[in-house]
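> Make a model of this:
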Amino acid sequence: MQPTVWQKVDSRARRILPFGLTMIVLLFGLTPTYIPGLAQITPMYALIAVYFWSIYRPDLMGYGPGFAIGILEDLLTGAPLGVCTLTLLLTQWIVFNRQKFFHAKPFGVTWLMFVLVAFGAVFLKWIVIGLVAENGLTPFGDLFAAYLITVTVYPVIAWMFSKAQTRLLDES
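This next block holds a predicted model:
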C-alpha cells in the first residue's frame, strides 16, 4: 500500500527533527541576555546538539547537517568562517569513530565524554581563532567560562532531546 501524502510529510518531518531542534537551540543561544558580563558568554548549544544527535541518531545527523549547522553558526556569531564548522565536524568524527563505545552506555559516561570533547572543542576554537584573528590569541577566560556553562547545561538539553527522540522519532 502506498503511503499517503500526510504519511510522507510526517516521515520527512521526523527525519529533519534533529537538525530542526539543533537550529532552535542555536538560535536560542544567540538571543541577547542583557546580563552584564555574560552577554558574550553563552553555552555552545550547537556543540551539545551535534554531540547528542551524533551518538543517538547518527542516521539523521550526518556530516552534511553538521557542516550546515557549523557554517550557519559561523555566520550568525561572526566567528571566522570555518571555526565552528571545524569544531562540529571533528566532534562528529570523534563520536562516529567511537560509536561502539557509546552504545548502551549510561548517561554519566556520555556526559563525562562530552566534558572531554567540549574541552577539546573550546581549545581548538581558541587556537584557530588566535591564528586567524588580527590581534592573535585572546584571553582564554571567556571561552573557558562558556565551556563550564556548556558542560553544566548539557544534561538539561540532553534530557529535552531524549524526550523528543522517545516521543517523536521512536514512533516511526
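
> what number of residues lie near residue 21?
Here the number of neighbours of residue 21 (other C-beta atoms under 10 Å) works out to 19. From N, CA and C alone the C-beta is placed, and that goes for glycine too.

> so what's it up against?
Contact partners of residue 21, counting by C-beta atoms under 8 Å, 6 or more residues apart in numbering, are 49, 161, 164.

> which helix is the longest one in this protein?
Ranked by number of residues, the top helix in the chain under DSSP state H is helix 107-132.

> So, low pLDDT: which residues of this protein?
Counting by pLDDT under 70, the low-confidence segments of the chain come to 37-39, 136, 170-172.

> Now stretch 44-60: buried residues?
Within stretch 44-60, the residues that qualify as buried are 44-58, 60, counting by 16 or more other C-beta atoms under 10 Å.

> I meant to write stretch 31-46 there.
Burial within stretch 31-46, assessed by neighbour count using 16+ other C-beta under 10 Å, is assigned to 41-46.

> host element of residue 41?
In the assignment (DSSP states H and E), residue 41 maps to no helix and no strand.

> Take the buried residues of stretch 31-46 and lay them out in a markdown table including distance to residue 73.
A markdown table is the format used below for the buried residues of stretch 31-46 (distance: C-beta to C-beta, whole Å):
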| residue | distance to residue 73 |
| --- | --- |
| 41 | 16 |
| 42 | 11 |
| 43 | 13 |
| 44 | 9 |
| 45 | 9 |
| 46 | 5 |
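
> List just the nearest of those to residue 32.
Using C-beta to C-beta, residue 42 comes nearest to residue 32 of the buried residues of stretch 31-46, at 9.6 Å.

> and that closest one, backbone torsions?
phi -130, psi 150 (degrees, to the nearest 10).

> for residue 41, same thing?
Backbone torsions of residue 41, given as degrees, to the nearest 10, read phi -110, psi 100.

> ok, it to residue 143 distance?
Residue 41 sits 9 Å away from residue 143, taking C-beta to C-beta, to the nearest Å as the criterion.

> now do residue 164
Plainly put, residue 164 is 29 Å away from residue 143 if you go by C-beta to C-beta.

> go on, residue 163?
When C-beta to C-beta is applied, the distance between residue 163 and residue 143 equals 30 Å.

> more crowded one of the two?
Counted by other C-beta under 10 Å, residue 163 and residue 143 do not tie: residue 143 has more neighbours, with 19 against 10.
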